[in-house]
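In: Provided below for reference: sequence and predicted model.
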Amino acid sequence: MSTRAASRKISTSIATLAAQDELGSDDEMVLDPDANMDVDITLVDGEEEEGSEEEEDDDEEEEVDDDEDREEEEELEDQEEEEDEEVVVVPQKRKQKRPPPREIEYKIAIYTAEQMKKTQSSRGPPNTQVVNVYSNEPWKRLKSHILTKINSVLKPDNLNFFDFTITFKVPRQVSDPMHLADDEHYKYLVKKALLIQKNPSAKIIVEPKETSAMTDKENNDEETKKGKKGSKKTRVPNARDILPANVALNEKIGELRERWICPTPGGSCGSAHCDFSPTEPEHFPLSHTHMQSWAAAWYADLETPPNNEHFDRVAAAAWAAKSPLLQRRLEQKEAASAKHAPAAPQVHINFPPEIANLLRPAPPIAAPNAFIPRPNSSNMLISPSRVSGADLSIEDFCSLYDLDSDISHRFKEHKFKRTTAFKFVEVEELKEMGFMKGEIAELKVAVETWSKAAIAD
């Protein structure tokens, strides 16, 4: 029972007791013997009984009403308590399904090396290839498509992803070119392409890198600056201005270039002209300095290079034992001296055999072969006890043996392309190329791991 119902019951009881007290006082006044009035006790009693019955009926009705009110209030309170005690059930959120993968159209625009030498306005249209890749495909899938298209269009000798500058654009999303080289770049590309509601697409630009382009540009800029500072203008010399000796030298250089064309262009020697032997697999690259030195010495034939410092690393079989020109001059000098010498009188002296043997001089020591010794093998990058390993590009070699990018950059600056050229490299030349001591040590360790032990005869 609630407090409100209890208080109402108490107030009802008090009202009932007060009514009974009033009825009791009225009965005393009627039955008082001292009263001097004639009262019809029967009538009074009858009226009192009727009044008391009516009051009791009213009280009973009020009690019934009060009980009904209390029951309704109790039911309402019980309902409120039950509602308060009910556990609130929070509906769980349904997991949203991932959107299905969408197909993205990639337009791969490939420029050639010749186009990259021109200004951007005069390059002309690139060779555009189209591939379709779903958005849930990994980066390596798109990368393989790009390499396949590059190989089909440019057909390079050595296909390397990092020999090209690759960027991308997304219509109405990415207007400035952004690099595309790893998985993070690819995820950003897919994210921006999927913002296109219908037919998501992107453009990928492939440009070959030119390592010498920047160097040539810098050299041209320096020459331009020098030309502006100086007052004299340079011009192409006329044929009559070239000295006769230089004309002959140029003719000999031309003959050498025609004779010593590399039979395998783009091979391990990395030069268009090289000194080679049909029995030897190694090629010695011939630069303009070598050609000029060879033409200046000009041996008796075209098969033997000069014996000077420029050809120290040529195979021993190709060295000249003696210059035919020098030999001819010595013979002429001896003939001239013998011609002008005065005739001496002839004197014959006979000695016994024993004395003749004593006076006979010891046989002369055989003169050593006149050849220039090979450079100290201990100073070579590859130890003499080892031979070259697998033929790799400089980038792959540095990446495989965890060498710094500076080492690869210095080799590129000096036009090294493949690891087969390491057998001609000396440590002193590495220092001249700008390698630090620590870099040389790291390079020696990598070469030692890459090379193979030589097989003893």
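Out: Received, thanks. Note that the structure is predicted; figures quoted are calculated from it, not measured.

In: low-scoring stretches of the stretch 151-300 of the chain, by residue?
Out: 211-247, 265-270, 278-281, 298-300 (pLDDT under 70).

In: now the helices for it?
Out: Remark: helices assigned in the stretch 151-300 of the chain by DSSP state H, counting those that start in this stretch are 183-193, 211-229, 244-259, 288-297.

In: I108 contacts N132, doesn't it?
Out: No. Taking contacts as CB atoms under 8 Å, I108 lies outside contact range of N132: 11.5 Å. All C-beta spots, glycine's among them, are computed from the backbone N, C-alpha and C.

In: count of neighbours near the nearest residue to Q173 once chain neighbours are set aside?
Out: Counting by CB to CB, 6 or more residues apart in numbering, K192 is the residue found nearest to Q173 once chain neighbours are left out, at 4.2 Å. By other CB atoms under 10 Å, 19 other residues sit near K192.

In: Could you check how far K192 is from L256?
Out: Separation of K192 from L256 (CB to CB, to the nearest Å): 58 Å.

In: One more: T12?
Out: Distance from T12 to L256, by CB to CB: 138 Å.

In: One more: S405?
Out: Taking CB to CB, one finds S405 at 38 Å from L256.

In: Compare those two (neighbour count), which wins?
Out: More crowded of S405 and L256, by other CB under 10 Å: L256, with 20 against 10.

In: Identify the residue spatially nearest to the more buried one, adjacent ones excluded.
Out: M291 (5.2 Å).

In: got it, and I261?
Out: Nearest non-adjacent residue to I261 (CB to CB, 6+ apart): H273, at 6.0 Å.

In: so the one you found sits right up against M291, yeah?
Out: Yes. Contact criterion CB under 8 Å: H273 and M291 qualify, at 7.3 Å.

In: got any residues that touch both of those two?
Out: 256-257 (CB atoms under 8 Å, 6 or more residues apart in numbering).

In: More neighbours: which of I108 and N132?
Out: More crowded of I108 and N132, by other CB under 10 Å: I108, with 24 against 10.

In: which SSE is the more buried one in?
Out: I108 belongs to strand 103-110 when assigned by DSSP states H and E.

In: Give me the contacts around that strand.
Out: 126-135, 142, 145-146, 149-150, 153-154, 190, 193-194, 199-206.

In: Okay, angle between it and helix 183-193 too, please.
Out: 120 degrees (axes from the mean of the first three to the mean of the last three CA atoms, to 10 degrees).

In: Now strand 103-110: buried residues?
Out: 104, 106-110 (16 or more other CB atoms under 10 Å).

In: can you check stretch 111-118 too?
Out: Applying 16+ other CB under 10 Å to stretch 111-118 flags 111, 115 as buried.

In: Need the CA coordinates for it. PDB is fine.
Out: Provided in PDB are the C-alpha atoms of stretch 111-118 (Å, rounded to 0.1, in the frame of the first residue of the first chain):
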ATOM      1  CA  TYR A 111      56.700   9.100 -74.600                       C
ATOM      2  CA  THR A 112      59.900   8.100 -76.500                       C
ATOM      3  CA  ALA A 113      63.400   9.300 -75.700                       C
ATOM      4  CA  GLU A 114      63.400  11.300 -78.900                       C
ATOM      5  CA  GLN A 115      60.300  13.100 -77.800                       C
ATOM      6  CA  MET A 116      61.700  13.900 -74.400                       C
ATOM      7  CA  LYS A 117      64.700  15.700 -76.000                       C
ATOM      8  CA  LYS A 118      62.200  18.200 -77.500                       C
END
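
In: got the contact list for that stretch?
Out: Under CB under 8 Å, 6+ apart, the answer for stretch 111-118 is 123-124, 126-127, 154, 205-208, 210, 213.

In: most neighbours, which of these?
Out: V206 (22 neighbours).

In: Excluding covalently adjacent residues, which one is nearest to that residue?
Out: V206's closest residue in space is I110 (CB to CB, 6+ apart), at 4.5 Å.

In: care to break this protein down by domain?
Out: Following automatic domain parsing, the chain resolves into domains at 3-29+43-75, 103-212, 241-325, 377-453.

In: among these, which is nearest K97?
Out: domain 103-212 (14.1 Å; CB to CB).

In: ok so, going back, would you turn the domains of the chain into JSON lines with distance to A336?
Out: Shown next, in JSON lines, are the domains of the chain (distance: least, CB to CB, whole Å):
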{"stretch": "domain 3-29+43-75", "distance to A336": "151"}
{"stretch": "domain 103-212", "distance to A336": "54"}
{"stretch": "domain 241-325", "distance to A336": "17"}
{"stretch": "domain 377-453", "distance to A336": "44"}
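
In: Nearest to Q332 among these would be which one?
Out: domain 241-325 (10.9 Å).

In: D275: neighbouring residues, count only.
Out: 24.

In: count of residues packed around the closest residue to it other than its chain neighbours?
Out: With CB to CB, 6+ apart as the criterion, D275 has its nearest non-adjacent residue at 4.3 Å, and that residue is F284. By other CB under 10 Å, the residues close to F284 number 20.

In: Now do F284 against A421, distance only.
Out: F284 is 11 Å from A421, by CB to CB.

In: what mean pLDDT does the helix or strand containing E72 have?
Out: Using DSSP H and E, E72 maps to helix 41-85. Helix 41-85 carries an average pLDDT of 58.

In: which intervals of the stretch 301-450 of the chain have sub-threshold pLDDT?
Out: 301-330, 337-378.

In: can you give me the strands for it?
Out: Secondary structure of the stretch 301-450 of the chain (DSSP state E, counting those that start in this stretch): strands located at 386-387.

In: hang on, K412 packs against S405?
Out: No. The criterion here is CB under 8 Å, and K412 misses it with S405 at 10.2 Å.

In: Can you report how many residues neighbour A441?
Out: 11.

In: Would you mind measuring from it to L381?
Out: From A441 to L381 the distance is 12 Å (CB to CB).

In: Repeat that for K437.
Out: Between K437 and L381 the computed distance is 14 Å (CB to CB).

In: Next: S277.
Out: 23 Å.

In: more crowded one of those two?
Out: L381 (19 against 14).

In: Pull the contacting residues for that one.
Out: 422-423, 425-427, 430, 443-444, 447.

In: Could you list which of those residues belong to helices?
Out: The helices, defined by DSSP state H, take in 427, 430, 443-444, 447 from those.

In: So which of the residues you listed is the closest to K333?
Out: V427 (42.5 Å).

In: burial of the nearest residue to the closest one once chain neighbours are set aside, as a residue count?
Out: The shortest distance from V427 to any non-neighbouring residue, by CB to CB, 6+ apart, is to N379 (5.4 Å). Using other CB under 10 Å, N379 is surrounded by 10 other residues.
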